[in-house]
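[1] This is the structure alone, sequence omitted:
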């Protein structure tokens, strides 16, 4: 048990610089946009299967990417530095959980505000 506690309290160097944080935010934003645009998972495009990608759908998916970028930027540059002074493995686990919850909540809200699809 003490080895687990020791591991969780060990220092970790995760996204230590602003440059790396911005690259992380940009990558996630672009990934979300392209993933939703190309694969259209979870029925995000509930129209005719023969339907092509239109401008409205393109802009809506771009909005998802931008939203993810804003939420991640707020987490990485404001919320996380307030929550944690030093980076430990336990802090990284909490950080990831907090970011995933916030990303999920804001995506759900945006999705329902955007069109109340379901």
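    Nice, I can see it. As the structure is a computational prediction, the values presented were derived from the model and not from experiment.
[2] What's the mean pLDDT across the longest helix seen in the chain?
    Counting by DSSP state H, the longest helix found in the chain is helix 89-115. For helix 89-115, mean pLDDT rounds to 89.
[3] same question, stretch 52-67
    Stretch 52-67 comes out at a mean pLDDT of 86.
[4] switch to numbering from 32
    OK, 32 is where the count begins now, so the last one is stretch 83-98.
[5] Enumerate the positions of it that are buried.
    Residues of stretch 83-98 classed as buried under the neighbour-count rule (16 or more other CB atoms under 10 Å) are 88, 91-92, 95-96, 98. (Glycine included, C-beta is placed from N, CA and C.)
[6] what does stretch 50-58 give?
    So for stretch 50-58, counting by 16+ other CB under 10 Å, buried means 52-53, 56.
[7] buried sites along the longest helix of the chain?
    So, applying 16+ other CB under 10 Å, buried residues of helix 120-146: 122-123, 126, 130, 134, 137, 141-142.
[8] contact partners of stretch 45-60?
    96-97, 99-100, 103-104, 107-108, 118, 123, 126 (CB atoms under 8 Å, 6 or more residues apart in numbering).
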